[in-house]
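Q: Next input, structure requested:
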Amino acid sequence: MTSSIYKATVYLFLCSLVFQPLSASSTNQLIIKPSVCMVKKLGDSCQMKVKVIWHNTYPVDACLFQNDLRLICWENTQDINADIHISLDQDMKFILKQNEKILAYQQIKINTILPKKYRRRLRADWSFF
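A: Alright, predicted model coming up:
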């Protein structure tokens with residue numbers, strides 16, 4: 001009895017290894033460069049031109065969303081290599097969807113040139129000496 005359970009477990013494991021590349025190949029990584037936007041101070045808006053790169057093994061209809069806002073769509077494409085202009089006020093998640101199915105996503109961060117908090121002085125401004 002245990003040997004048949006063992007054989008079935010090994011068989012399922014081997015099948016999952018064989019068929020995993022078929023399902024994993026349809027979901028590839030979305031690359032958006034640059035992935036960081038620099039602003040002078042926190043709260044400033046950032047506008048920049050980014051390159052969107054994505055590849056799939058078969059053609060799909062896909063749309064790129066910035067949070068819930070649809071930016072651009074492609075029909076019957078395997079490769080995406082596009083330059084788009086974006087505007088950010090805070091860290092944003094960019095999602096590539098086929099209908100409601102999420103194909104890939106990437107987070108774009110905002111960094112400030114000035115530090116968020118200033119370092120506290122180690123001594124007071126006034127002194128007797």
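Q: any idea of the mean pLDDT for stretch 108-127?
A: Across stretch 108-127, pLDDT averages out at 72.
Q: Same question for stretch 66-83.
A: So the average pLDDT for stretch 66-83 ends up being 92.
Q: Same question for it: list its buried residues.
A: Residues 66, 74, 77, 80 are the ones in stretch 66-83 that count as buried (16 or more other Cβ atoms under 10 Å). C-beta: built from backbone N, CA, C; applies to glycine.
Q: Relative to Asn28, how far out is the second one?
A: By that I understand Trp74. 14 Å (Cβ to Cβ, to the nearest Å).
Q: next one: the third one
A: Taking Cβ to Cβ as the measure, Thr77 falls 13 Å from Asn28.
Q: Need the residues touching each of those two.
A: Here Thr77 and Asn28 share the contacting residues Asn56, scored by Cβ atoms under 8 Å, 6 or more residues apart in numbering.
Q: Near the residue nearest to Ser35 when sequence neighbours are not counted, how many other residues are there?
A: Spatial nearest neighbour of Ser35, chain neighbours left out: Ile108 (5.7 Å); criterion: Cβ to Cβ, 6 or more residues apart in numbering. The tally of other residues near Ile108 (other Cβ atoms under 10 Å) stands at 21.
Q: give me every residue that touches Ile108.
A: Per Cβ under 8 Å, 6+ apart, neighbours of Ile108: 32, 35-37, 50, 86, 88, 91-94.
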